[in-house]
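Q: Sequence first, predicted coordinates after that:
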Amino acid sequence: MFKPEPFVTRLAFVASDRPEALEAKDALIARYGQASLDTAQVIVALGGDGFMLETLHENLGGERPIYGMNRGSVGFLMNEYCEDGLLERINAAERAVIHPLSMFAIDVHGQEHRAIAMNEVSLLRQTRQTAKLRISIDGKVRLGELSCDGALVATPAGSTAYNLSAHGPIIPLDAKVLALTPISAFRPRRWRGALLAHTARVTFEILEADKRPVSAVADNFEVRDVVEVHIAENRDVALHMLFDAGRSLEERVLAEQFSV
């Protein structure tokens, strides 16, 4: 098992395929060296939020933290890019530990699919026709029929992503709740979603699946033509991210609630 050391000196740089990310990787390796992924104390991810999610997926189950620097677009999960003082920034950084969602989906052919999501699991209609979903929480039906473009379950870390765009709530990281948010709900039109205990198990059943096909997406993993999807927080997996002092993920989530 990886054990943190007192002072970080060994970094492994990884980059997205964006030119600016690749250029940054070369510059940083020239300045700080390149440790192997096996010996590095910290992985430095260069890219955008999507690349950060990819890097987290590739390092599931490990305690080695990931420090991101923005060489993409939004960069909510990333730190500001700067070549100077990188070791000092990393050693002073604040650690965020997040637990992802586990998705178990069954498609129309009876095939089973499993995936992990750091941000959210989304159900989305595949055609022009509205999706119809039945929603159960911990085995009890809570919404017999939701007509919508889709619905999602988001982690606190993911609550500022697709969930926020769908008018879902922003959740503090230590709140121990999940967001269940409809996407363009048609009936019941006034239902705005729910906040659930982080221990809740959410089940979506797709009604009229042959006529109204639905896909399930866990971050960047998609399963088409699903008939049933089960979602729950996976407390057995912990993901470690580093953020510059004073710019922790908790602070960013809080600040987002006051942005105009």
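A: Perfect, I can see it now.

Q: Verify the contact between residue 134 and residue 147 for me.
A: No. Proximity of residue 134 to residue 147 does not meet the contact threshold set by Cβ atoms under 8 Å, at 11.2 Å. For every residue, glycine as well, the C-beta is placed using N, CA and C.

Q: Compare neighbour counts for these two and give me the winner.
A: In this view residue 134 and residue 147 are compared by other Cβ atoms under 10 Å, and residue 147 has more residues nearby, 19 against 16.

Q: May I have the beta-bridge partners of that one?
A: residue 132, residue 187 (DSSP bridges).

Q: Now do it, the pLDDT please.
A: Residue 147 is assigned 97 on the pLDDT scale.

Q: what residues are up against it?
A: 130-132, 185-187 (Cβ atoms under 8 Å, 6 or more residues apart in numbering).

Q: now these in TSV, with pLDDT?
A: Formatted as TSV, the contacts of residue 147 follow (pLDDT from 0 to 100):
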residue	pLDDT
130	96
131	97
132	98
185	94
186	93
187	92
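
Q: Pick out whichever of those residues sits closest to residue 23.
A: For the contacts of residue 147, the closest approach to residue 23 (Cβ to Cβ) belongs to residue 131, at 42.7 Å.

Q: Not counting sequence-adjacent ones, nearest residue to that closest one?
A: With Cβ to Cβ, 6 or more residues apart in numbering as the criterion, residue 131 has its nearest non-adjacent residue at 4.0 Å, and that residue is residue 125.

Q: Restricted to buried residues, select the contacts of residue 147 in PyMOL.
A: Only the buried members of the contacts of residue 147 enter the following PyMOL selection, criterion being 16 or more other Cβ atoms under 10 Å:
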select buried, resi 130+131+132+185
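
Q: between the contacts of residue 147, which is closest to residue 196?
A: Distance ranking of these against residue 196, using Cβ to Cβ, places residue 185 first at 17.0 Å.

Q: Quick one: residues contacting that closest one.
A: For residue 185, the contacting residues are 146-148, 191-192, taking Cβ under 8 Å, 6+ apart as the criterion.

Q: Widest-spaced pair of those?
A: Counting by Cβ to Cβ, the most remote pair of these is 147 and 192, 14.8 Å apart.

Q: ok so, going back, check contacts around the residue nearest to residue 131.
A: Going by Cβ under 8 Å, 6+ apart, the list of residues near residue 125 reads 131, 148-150, 212-214.

Q: Looking at those residues, point me to the pair that's furthest apart.
A: So for the contacts of residue 125, where distance means Cβ to Cβ, the most widely separated pair is 148 and 213, at 14.0 Å.

Q: rewinding a little: will you turn the contacts of residue 125 into TSV that also has distance to residue 44 and secondary structure?
A: Converted to TSV, the contacts of residue 125 look like this (distance: Cβ to Cβ, whole Å; DSSP: H, G, I helix; E, B strand; the rest coil):
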residue	distance to residue 44	secondary structure
131	40	strand
148	40	strand
149	37	coil
150	35	strand
212	44	coil
213	41	coil
214	38	strand
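
Q: okay but residue 247 is in contact with residue 79, surely?
A: Yes. Using Cβ under 8 Å, residue 247 makes contact with residue 79 at a distance of 6.9 Å.

Q: Now residue 118. Nearest residue, chain neighbours left out?
A: What sits nearest to residue 118 in space, not counting adjacent residues and going by Cβ to Cβ, 6+ apart, is residue 100, at 4.9 Å.

Q: Model confidence score at the one you found, please.
A: With respect to pLDDT, residue 100 has a value of 94.

Q: Am I right that it is in contact with residue 237?
A: Yes. Using Cβ under 8 Å, residue 100 makes contact with residue 237 at a distance of 5.7 Å.
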